[in-house]
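Visitor: Need the 3D shape of this:
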Amino acid sequence: MIVFMGTPEFSVPILEMLIENGYPVGLVVTQPDKPVGRKKILTPSPVKKVALKHGIEVFQPVKLKEEYQKILDLKPKLIITAAFGQILPKALLNEIKAINVHGSLLPKYRGGAPIQYSIFNGEKETGITLMEMVYKMDAGDMIDKAVVKIEDEDDYGTLTKKLSIAGRDLLEKNLDDVLRGTYGKQKQMDEEVTFAYTIKYEDEALNFNESLLWNHNRVRGLSPLPGAHFEIGGTTVKVFKTRISDIINIEPNEIRIVNKRLIIGCKDGGLELVEIQQSGKNKLMVKDFLNGQNLFKDGGFING
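Guide: Have a look, this model is predicted:
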C-alpha cells in the first residue's frame, strides 16, 4: 500500500498519475477543509476531491504530529508527499519510507514556498526534486531532478501548473525503482542550501522604495492568489498584474495617470498596475477601475 499526502492543485496530477497507473494508494492524507470566499463556505482541498472521486479513504489530521497512529497501523510500503503542508513526525519517518516531490532544484529553496521565491528572486529556471524524506526540512538525499524554465510571463499560477506536470512525470519515471529499492541518490551540499519559508501577510506587501523588478516579481509570485498588496489613504489595494512602464522620470511612490494607465514610481522607474482590487470591491482591470474612482490622484503619492 502507498499513502499519498498532498493538498493544493500542485498535488492533483501527481495523485491522478498514481491512480491511473494502478499503484495501490490506500489512503490520502490532506489538510482539513477550509472556509473559502466571502461567505466562508467550508471547502475540501483539491486532493480530497480527487480521492473521493476515486473512492479512496481520506484522512485530514489537524496536527499530523499528534494523529499519525492511523498511518502506522496501515503499515504502508511507501509514503509519497507533494505539497502536503505539514511536517511529517519522526515516528512516521523512522518506520515508513517516505519520498517527496519538491518544487525546486534542491538544495536551493528548501521550505514551503519554493515556487513563489523562485519568481520573487527573478530566477530563469527552477524545477522539481524527487527526494528521500528525513526529519529535517527538505534535507533528504536527492533521487532525481527535472529542470523547468521560468518564462517572463509566468506567474505563480502558470509556473505551479508546469512544475506539477514535471513532478508527475519525474515520479512516474522513478517510482518503480523506488518501490524496488534500486535507485541511486545524491546528498545535498550544505553550502548550497537556501530557504523559501512559508509566506506571511507582510511578505505579500509591495514596497515602492524598492526596484521595479522587485515589485513586479513580487506581484508575479503572488498571482492569481493571494495577490500582492499596498495601502493608500487607509485602503488596501491588491495587485494581480503589472508591467514595466517606459516612464523613468518618476519619484518612488508617485502616482501618474496617463491615458487610463496607472503608474506608480519605484526607485528606478515606473511600474504600471494592470489588474487590481480595492478592499471590499471586485477585481478590475485598471482601465475600468479608473472610471469614477477617487483613490488615486495624478501627481499624488501612495504614502500621502
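Visitor: confidence score at the residue lying farthest from the centre of the chain?
Guide: The C-alpha centroid of the chain is most remote from G299, which lies 36.0 Å away (Cα atoms, centre = their mean). G299 carries a pLDDT value of 91.
Visitor: what's the spacing between the closest residue to K149 other than its chain neighbours and M142?
Guide: The shortest distance from K149 to any non-neighbouring residue, by Cβ to Cβ, 6 or more residues apart in numbering, is to E125 (5.2 Å). In this view, the C-beta of every residue, glycine as well, is placed from N, C-alpha and C. From E125 across to M142, the span is 17 Å (Cβ to Cβ, to the nearest Å).
Visitor: Look at those two and report which has more neighbours.
Guide: Neighbour totals were compared for E125 and M142, and M142 leads with 18 against 10 (other Cβ atoms under 10 Å).
Visitor: Let me see the backbone angles for the more buried one.
Guide: Main-chain torsions, M142, degrees, to the nearest 10: phi -90, psi 130.
Visitor: Just to check, it is in contact with M131?
Guide: Yes - using Cβ atoms under 8 Å, M142 is in contact with M131, at 5.0 Å.
Visitor: Give the intersection of the neighbour lists for those two.
Guide: Common neighbours of M142 and M131, counting by Cβ atoms under 8 Å, 6 or more residues apart in numbering, are L106.
Visitor: Could you pull out the buried residues of stretch 68-78?
Guide: Y68, I71, P76, L78 (16 or more other Cβ atoms under 10 Å).
Visitor: Next step: those residues restricted to helices.
Guide: When the buried residues of stretch 68-78 are checked against helices (DSSP state H), the matches are I71.
Visitor: that older thread, now for the residue nearest to K149: which residues touch it?
Guide: With Cβ under 8 Å, 6+ apart, E125 has these contacts: L105, V147, V148, K149, I150.
Visitor: For the stretch 201-304 of the chain, which residues score under the pLDDT cut-off?
Guide: 304 (pLDDT under 70).
Visitor: how about the helices in it?
Guide: Along the stretch 201-304 of the chain, the segments classed as helices by DSSP state H, counting those that start in this stretch run 212-221, 286-289.
Visitor: what's the most buried one of those helices?
Guide: Mean neighbours per residue, mean count of other Cβ atoms under 10 Å, is largest over these for helix 212-221, with a mean of 23.
Visitor: And it, what does it pack against?
Guide: In terms of contacts (3 or more Cβ pairs under 8 Å, 6 or more residues apart in numbering; DSSP states H and E), helix 212-221 is packed against helix 114-120, strand 228-232, strand 235-244, strand 261-266, strand 269-278.
Visitor: list the helices and strands the third one packs on?
Guide: Think strand 235-244. In terms of contacts (3+ Cβ pairs under 8 Å, 6+ apart), strand 235-244 is packed against helix 212-221, strand 228-232, strand 269-278.
Visitor: Tabulate the helices of the stretch 201-304 of the chain in CSV, adding columns for distance to D203.
Guide: Shown next, in CSV, are those (distance: least, Cβ to Cβ, whole Å):
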stretch, distance to D203
helix 212-221, 9
helix 286-289, 24
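Visitor: quick one, which of those helices is nearest to N249?
Guide: Closest to N249 of these is helix 212-221 (Cβ to Cβ; 13.5 Å).
Visitor: domain ranges for this protein?
Guide: For the chain, the structural domains run 2-192, 204-289, going by automatic domain parsing.
Visitor: For K39, see how far away F84 is.
Guide: Distance, F84 to K39, using Cβ to Cβ: 27 Å.
Visitor: Kindly report the same for G26.
Guide: In terms of Cβ to Cβ, G26 sits 35 Å off from K39.
Visitor: Comparing the two, which shows the higher neighbour count?
Guide: Neighbour count, other Cβ under 10 Å: between G26 and K39, G26 has more, with 13 against 6.
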